[in-house]
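1. Here is the input, now give the coordinates:
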Amino acid sequence: MKISKCSNGDVNNAMQEARYLKRIHGEDPLRRHSIVDLLDDFKFRQHYVLVFEVLGENLYEHIKSPKFKGMKTEQLRSVAKELLIALQKLRSVGIIHCDLKPENIMFTDADCQKVKIIDFGASTEKFESRYTYVQSRFYRSPEVTIGIPYDAAIDMWSFGCIMAELCTTRALFPAHDELDLLERMRITIGMPPQWMMEGSNKRNKFIDRNGKLIRSQLSNLQPGLPDRSHPISRQVYTAFDDDFTDFLEKCLIIDPQKRMKPEEGLKHRWITRNNLQTLFKAMEQSSSVQKAVLGEDLFNVCAPKNTVTQQHRGSQKGRQNRSQLNK
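-> Residues are numbered from 1 along each chain as shown. Predicted coordinates:
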């Protein structure tokens, strides 16, 4: 249950959240979209009350659990599918969530495979200049950060950041402020293209007279790091999964016009491939690691004969990159 404060602004926001949820549910009465179900809404004295279904713990609580060591591939893929379905639905009805983060995603089952998006209090239908301060900082998109008009692509950026965090247990961009955030984006993905910076109403906040990015006084990053010196492939260790890295990179394209859309994400090979393909790839990668460590001759002696690993060995190359997030 959510009870608004009695101010006009808070009551209007609560009523708008109810309208958005009714629009979503009205177009999908079977509730196939992984978005929280609104059971009732009403005025009580000078407050507005929203009544929701009962859900489980949120992703933030799940991540912060001492037992959490990062989601396994199949659990991560299941959560990703659920969220992509929800984002596809929001896009189809013209709603931007504007505050997608682990706290606003809750499990619906005991196995922690199914989730729903909650809290549409900051949502909007289109960019409005009076609502430029949206999204929590760790999950804030480049277009929101630099202050240019945004669309539903900002939710895909937040989604990508959440997927990385569920894999590693650490935020991908743990910035202290927006200057620090843009610098972390720069060393991971690169600077926003010229058209974005030229359209920014906060350009002078980020760029000095010499055209250089202004460094945050709170930054703990090593000075002078070049663009893309800490790419996603180095920050996210996925054991044997190059496809997941590619999936993240497409979610986190800095240009929102080129960023992957939810419907494209649902067709990505990391989402669509089956469990057998995952098993084969893991076995192939395991063979590659053994060969690298033992050497070709010793590997051939040690490897069992007539096994799937032997038959498929060397058919694909995998990354062996392993790194920690730069916090």
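2. which non-adjacent residue is nearest L218?
-> The shortest distance from L218 to any non-neighbouring residue, by Cβ to Cβ, 6 or more residues apart in numbering, is to H176 (3.8 Å). For glycine as for every other residue, the C-beta is placed from the backbone atoms N, C-alpha and C.
3. isn't that neighbour right next to R184, touching?
-> No - counting by Cβ atoms under 8 Å, H176 does not reach R184; the two are 9.8 Å apart.
4. More neighbours: which of those two?
-> Neighbour count, other Cβ atoms under 10 Å: between H176 and R184, R184 has more, with 26 against 14.
5. Mind listing residues that contact the helix or strand encompassing V79?
-> Assigned by DSSP states H and E, V79 belongs to helix 73-93. Contact with helix 73-93 is made by 23-24, 27-28, 32-35, 71, 96-97, 105, 112-117, 152, 155-156, 159, 162-163, 166-167, 238, 241, 244, 247, 261-263, 265-266, 270-271, 275, 278, as judged by Cβ atoms under 8 Å, 6 or more residues apart in numbering.
6. residues touching W270, list them.
-> Going by Cβ under 8 Å, 6+ apart, W270 touches 77, 241, 243-244, 246-247.
7. domain parsing for this protein?
-> 2-52, 59-272, 283-312 (automatic domain parsing).
8. can you redo these as CSV with mean pLDDT?
-> Below are the domains of the chain laid out as CSV (pLDDT from 0 to 100):
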stretch, mean pLDDT
domain 2-52, 92
domain 59-272, 93
domain 283-312, 47
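9. Please identify the most buried of those.
-> domain 59-272 (a mean of 18; mean count of other Cβ atoms under 10 Å).
10. How far away from the center of its chain is it?
-> Mean C-alpha position of domain 59-272 versus that of the full chain (Cα atoms, centre = their mean, to the nearest Å) differs by 5 Å.
11. what about the helices in the stretch 1-150 of the chain?
-> Secondary structure of the stretch 1-150 of the chain by DSSP state H, counting those that start in this stretch: the helices cover 8-26, 59-64, 73-93, 142-146.
12. picking up where we left off before, now the helix holding V79 and helix 8-26, what's the angle there?
-> 100 degrees (axes from the mean of the first three to the mean of the last three Cα atoms, to 10 degrees).
13. Now helix 73-93 - C-alpha only, CSV.
-> Output in CSV follows, covering the C-alpha atoms of helix 73-93 (Å, rounded to 0.1, in the frame of the first residue of the first chain):
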residue,chain,number,x,y,z
THR,A,73,23.4,-17.4,-16.0
GLU,A,74,19.9,-19.0,-16.2
GLN,A,75,18.5,-17.0,-13.3
LEU,A,76,20.0,-13.8,-14.8
ARG,A,77,18.5,-14.6,-18.2
SER,A,78,15.1,-15.3,-16.7
VAL,A,79,15.1,-11.9,-14.9
ALA,A,80,16.3,-10.2,-18.0
LYS,A,81,13.5,-11.6,-20.1
GLU,A,82,10.9,-10.5,-17.5
LEU,A,83,12.2,-7.0,-17.5
LEU,A,84,12.5,-6.8,-21.3
ILE,A,85,8.9,-7.8,-21.6
ALA,A,86,7.9,-5.1,-19.1
LEU,A,87,9.9,-2.5,-20.9
GLN,A,88,8.5,-3.5,-24.3
LYS,A,89,5.0,-3.1,-22.8
LEU,A,90,5.9,0.4,-21.4
ARG,A,91,7.3,1.4,-24.8
SER,A,92,4.2,0.3,-26.6
VAL,A,93,1.9,2.4,-24.4
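14. check contacts around F138.
-> By Cβ under 8 Å, 6+ apart, the contact list for F138 reads 101, 161, 171-175.
15. now with 10 Å?
-> F138 sits next to 101-102, 158, 161-162, 165, 171-175, 181, 184 when contact means Cβ atoms under 10 Å, 6 or more residues apart in numbering.
16. what's the closest non-adjacent residue to R273?
-> The shortest distance from R273 to any non-neighbouring residue, by Cβ to Cβ, 6+ apart, is to D243 (7.1 Å).
17. Touching, that neighbour and S233? I think so.
-> No - counting by Cβ atoms under 10 Å, D243 stays clear of S233, with 11.9 Å between them.
18. Switch the contacts of W270 over to JSON lines; also include distance to S136 and secondary structure.
-> Compiled in JSON lines, the contacts of W270 are given as follows (distance: Cβ to Cβ, whole Å; DSSP: H, G, I helix; E, B strand; the rest coil):
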{"residue": "R77", "distance to S136": "24", "secondary structure": "helix"}
{"residue": "D241", "distance to S136": "27", "secondary structure": "coil"}
{"residue": "D243", "distance to S136": "28", "secondary structure": "helix"}
{"residue": "F244", "distance to S136": "23", "secondary structure": "helix"}
{"residue": "D246", "distance to S136": "26", "secondary structure": "helix"}
{"residue": "F247", "distance to S136": "22", "secondary structure": "helix"}
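19. In a markdown table, list those along with distance to K202.
-> Below are the contacts of W270 laid out as a markdown table (distance: Cβ to Cβ, whole Å):
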| residue | distance to K202 |
| --- | --- |
| R77 | 37 |
| D241 | 37 |
| D243 | 36 |
| F244 | 33 |
| D246 | 32 |
| F247 | 30 |
